[in-house]
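**Student:** here is my input, please return the structure:
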Amino acid sequence: MQRANEALQTQVTELTHGKTDHQGSDRHTTTTVVNFQPFSQEIAEEEIPEHVKTLALDSYSGSSDPKEHLVYFNTRMVIAGVNDAVKCKLLPSTFRKSAMTWFTTLPPGSNADFTEFSTRFLSHFSTSRSVQATITAFLTVIQRENESIKSYMTRFNELSVYLEDSVPSVCVAAFKNGLREGRLNGNLKRHQETSMVEIRARARSYILEEEDNRQKQKRDGTTSLKGATHLGPASKFNQAKTNRPGPYQARLSTRPSAPKPLKVVNAAEASKETGTAGMNATCGGTMLNAPVSDILKEATCL
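**Tutor:** Okay, the predicted model is just below:
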């Protein structure tokens, strides 16, 4: 019996200690939640205007675009006419699920203004949301036929902005993979860029070259070079210039024809055709194709 009582006493003691430890853990959690204050004292003491307390705002759970939510929220705050301190206190009221979990992990007093708070919010959810989605989307971003480097770069940047800081090597590899063959592609193969900043710097001269070529194609009415298909057909004026014969063709077309052979006639026929009478065979009737002696004799008659 004594042994049974001792065993029972031991179990009671263990249960009592376990309950005490659990109560201590709950007390610590409760204290942490009650004392949670991630804003500076100045923001914490800012009062929320009455007309804003009833304002209906869309929620954010962390699964959608944080930039889109921030733009929406800030627009509503501008319309409501509130200051940055109130914005800091109202933005967390839109958080749900993972967004709220993230907010509760912020260090006490770590946010002193709305710019700092919103930047931290964007940085966290832009990266966490977009890593896998962007890597998958990268595989579909390929430079189209006749698409300029500038256009391709613009489309690519819309996705790479979420990953450039976290996984720069993935961005570089994806850009090279989607680039069509050409001078820039060959240049990138000869170098080992490690960031999109280096890629953009190397591509800048090629973009300027394309732009210059495109302007000259537009001026000359040609669209034969790559990346100039959007310029449209050449104007009628330029088409007329293109259809004009070249210098060699012009020289051929203006070359004089061979001279016609002189018609040999005698003096009688010449007098009959010109209507001149009394001109004898020795004076006034000699033709240019007569013998030289006759021509000299005609000259002495004059």
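**Student:** distance of Val197 relative to Val141?
**Tutor:** Separation of Val197 from Val141 (CB to CB, to the nearest Å) stands at 18 Å. Every residue, glycine included, has its C-beta placed from N, CA and C.
**Student:** neighbour count winner among these two?
**Tutor:** Higher neighbour count among Val197 and Val141: Val141, with 17 against 11, using other CB atoms under 10 Å.
**Student:** that one touches Leu159, doesn't it?
**Tutor:** Yes. Counting by CB atoms under 8 Å, Leu159 is a contact partner of Val141 at 6.5 Å.
**Student:** can you show me the CA trace of stretch 74-93 as PDB?
**Tutor:** Taking C-alpha atoms only, stretch 74-93 is exported to PDB below (Å, rounded to 0.1, in the frame of the first residue of the first chain):
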ATOM      1  CA  ASN A  74      -2.000  54.200 -50.300                       C
ATOM      2  CA  THR A  75      -4.500  55.600 -52.800                       C
ATOM      3  CA  ARG A  76      -7.300  55.100 -50.200                       C
ATOM      4  CA  MET A  77      -5.200  56.800 -47.600                       C
ATOM      5  CA  VAL A  78      -4.500  59.800 -49.800                       C
ATOM      6  CA  ILE A  79      -8.200  60.200 -50.500                       C
ATOM      7  CA  ALA A  80      -9.000  60.000 -46.800                       C
ATOM      8  CA  GLY A  81      -6.300  62.600 -46.100                       C
ATOM      9  CA  VAL A  82      -4.400  60.800 -43.400                       C
ATOM     10  CA  ASN A  83      -0.700  61.200 -42.500                       C
ATOM     11  CA  ASP A  84       2.100  58.600 -42.600                       C
ATOM     12  CA  ALA A  85       1.700  57.700 -38.900                       C
ATOM     13  CA  VAL A  86      -1.900  56.700 -39.400                       C
ATOM     14  CA  LYS A  87      -1.000  54.800 -42.600                       C
ATOM     15  CA  CYS A  88       1.500  52.700 -40.500                       C
ATOM     16  CA  LYS A  89      -1.200  51.800 -38.000                       C
ATOM     17  CA  LEU A  90      -3.900  51.000 -40.600                       C
ATOM     18  CA  LEU A  91      -1.900  48.900 -43.000                       C
ATOM     19  CA  PRO A  92      -1.600  46.000 -40.600                       C
ATOM     20  CA  SER A  93      -5.400  46.000 -40.200                       C
END
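**Student:** what's the mean pLDDT across that stretch?
**Tutor:** The average pLDDT within stretch 74-93 is 94.
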